[in-house]
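Peer 1: Sequence first, then the predicted structure:
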Amino acid sequence: MAASGQLTEDQLRCQICKNIFTFPVTLPCGDISCDECTGLKLKAVKSCLVCLASYCETHLKPHLMTKGLKKHQLLEPVENLEARMCSYHNKPLELFCRTDQTFTCMLCTLLDHKEHDYLPLSEEAGQKRSVLRGTEETLNRRIQERQGKMQDLRHTSRLNQEAADGKAAVGLQVFTDLKRILENGSDELLGNIKIRQVTAERLTERLIAELGQEVKVLMQSSGNVQELSSSDDHAHVLRMVEAVDQLQATFKKEEGKLKEAELKRVQKFKVNLTLDTQTADPWLIVSDDGKQVRLGDFKKFVPDLPKRFNPGGGVVAQQNFGFGRFYFEVQVMDMMKYDLGVVYESINRKKKITNSKESGHWILSLRKENEYKARASHEIPLSLTHRPQRIGLFVDYDEGLVSFYDVGIAEHIFSFNDCSFTERLYPFFNPGHGSRNSASLKIGHCTPCTIKTPTCSLILSGSAKVLCKIYL
């Protein structure tokens, strides 16, 4: 006797085709028996919406040969044909009322649905199929995007490992020479490098897993949409569209979580910046703490140093970078015009920054309150659906990458890829020289360090300070 709660083999076998079920679901195209067969009922091949019956190949012949029956509407076998009849007038549900979003019969259009907007089921289903085909294309495109992102993350993972190995080798060599100064420093340094590498590796693995799961769901959804868009069961198509819309809403929610994870990944490389007042254009006013800059009401009398931007506007940070990765954020609220990005130390500071092959700048610009452009060797107009209030800038010097993010909505704005950097990079800020801006560009403060690094834990001097700078 079978154990309680378990199904026998007979219970798992189809009573029509006698095969054991392979999928634990009920499909609209499953085995339907012929309503005309007596004794052993054969598998139905078509259902008639007029007769409200399903027929095997033998009993279907009258519908294919008799003149009156040829006009009946046939479709793939379906269950519960009574549900396709109007419960009020006992007529076939042949129309779809767009006003009330429901199925109707011909009599309904003369009574309860008079003057409503309605179409035959076939036309309404055809339009929904067109929407579904567009949804399928969108899903396929997102699958490709996610698969590409997975490849990028795997590549980043390899780079993290290579960078960690390289830093470990350099660190060991330098600490050997500085053994008298930093007797126990090498173990601490290698431990910090390992912690950062493991942290980045775990985050990358988690993102890859999330993307893989998303691709799996997208591929399954794409298959379901493709099957639905090719179905000739109009009523089934219309009933399933709502489910597809719910799927789209769920996907958008998960996509938002993925964008937040991407932003958090680059925010781990956040650095603390202070503006260099000696580089500021005479029209600019830099705050005492070096975290804000705005346009003044008049031109100040200051020494025209070689490194000062004059004319043209702008100021750079004291900090500069010649390798590795760094990230910083800038509040741009209420700004009508600004430039943000990174520039070479050798950039011409005595004229306005222009686009040329040897320009040495990678900048996001705002003009006329809503015209955004990415500027390097040439200008690229950007179409932003949301006006950023806080912008994040991430640079991977070794990979030649400069990326801008809208921090408020965790949205990627634009990236300069495959840049061949040949000099050290300085963060650049211009609150709009020549404009009537009164607001300030505000540099975000660095988040307090949560990992004990050489800079946080040791007071060093000389070459030891240079060594620790390498790993930050």
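Peer 2: Cool, the structure landed.

Peer 1: And the next helix or strand past the longest helix seen in the chain?
Peer 2: Longest helix in the chain, counting residues (DSSP state H): helix 121-177. Counting by DSSP states H and E, the element after helix 121-177 in chain order, helix or strand, is helix 185-229.

Peer 1: Next, the angle from that next one to helix 121-177.
Peer 2: Orientation note: helix 185-229 sits at an angle of 170 degrees relative to helix 121-177 (axes from the mean of the first three to the mean of the last three Cα atoms, to 10 degrees).

Peer 1: Average pLDDT for helix 185-229, rounded please.
Peer 2: The average pLDDT within helix 185-229 is 72.

Peer 1: Can you list the residue ranges for strands in the stretch 201-350 of the chain?
Peer 2: For the stretch 201-350 of the chain, the strands defined by DSSP state E, counting those that start in this stretch occupy 284-286, 292-295, 315-316, 325-331, 338-344.

Peer 1: The ones you listed: which one's closest to Gln197?
Peer 2: Ranking those by proximity to Gln197 (Cβ to Cβ) places strand 325-331 first, at 13.0 Å. In short, each C-beta sits where N, CA and C put it, glycine included.

Peer 1: That closest one versus strand 338-344: what angle between them?
Peer 2: Using the same axes, to 10 degrees: strand 325-331 against strand 338-344 is 160 degrees.

Peer 1: what helices or strands is strand 325-331 leaning on?
Peer 2: Applying 3 or more Cβ pairs under 8 Å, 6 or more residues apart in numbering; DSSP states H and E, one finds that strand 325-331 makes contact with helix 234-267, strand 390-396, strand 441-443.

Peer 1: if we look at it, which residues are touching it?
Peer 2: Outside strand 325-331, the residues that touch it by Cβ atoms under 8 Å, 6 or more residues apart in numbering are 266-271, 273, 340, 389-398, 407, 427, 429, 441-444.

Peer 1: circling back to that earlier point, want to throw the strands of the stretch 201-350 of the chain into a markdown table with distance to His412?
Peer 2: Output for those, formatted as a markdown table (distance: least, Cβ to Cβ, whole Å):
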| stretch | distance to His412 |
| --- | --- |
| strand 284-286 | 29 |
| strand 292-295 | 25 |
| strand 315-316 | 25 |
| strand 325-331 | 13 |
| strand 338-344 | 15 |
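
Peer 1: Report pLDDT for the nearest residue to Val342 once chain neighbours are set aside.
Peer 2: Computed as Cβ to Cβ, 6 or more residues apart in numbering, the closest residue to Val342 that is not its neighbour in sequence is Leu425, at 4.3 Å. Note on Leu425: pLDDT of 96.

Peer 1: Could you do the one 5 residues further on as well?
Peer 2: At Asn430, the pLDDT value in this model is 93.

Peer 1: and it, what is it in contact with?
Peer 2: Neighbouring residues of Asn430 by Cβ under 8 Å, 6+ apart: Asp281, Gly313, Gly314, Val315, Tyr338, Asp339, Leu340.

Peer 1: is it true that the fourth one touches Val302?
Peer 2: No - Val315 is not in contact with Val302 according to Cβ atoms under 8 Å; the separation is 12.0 Å.
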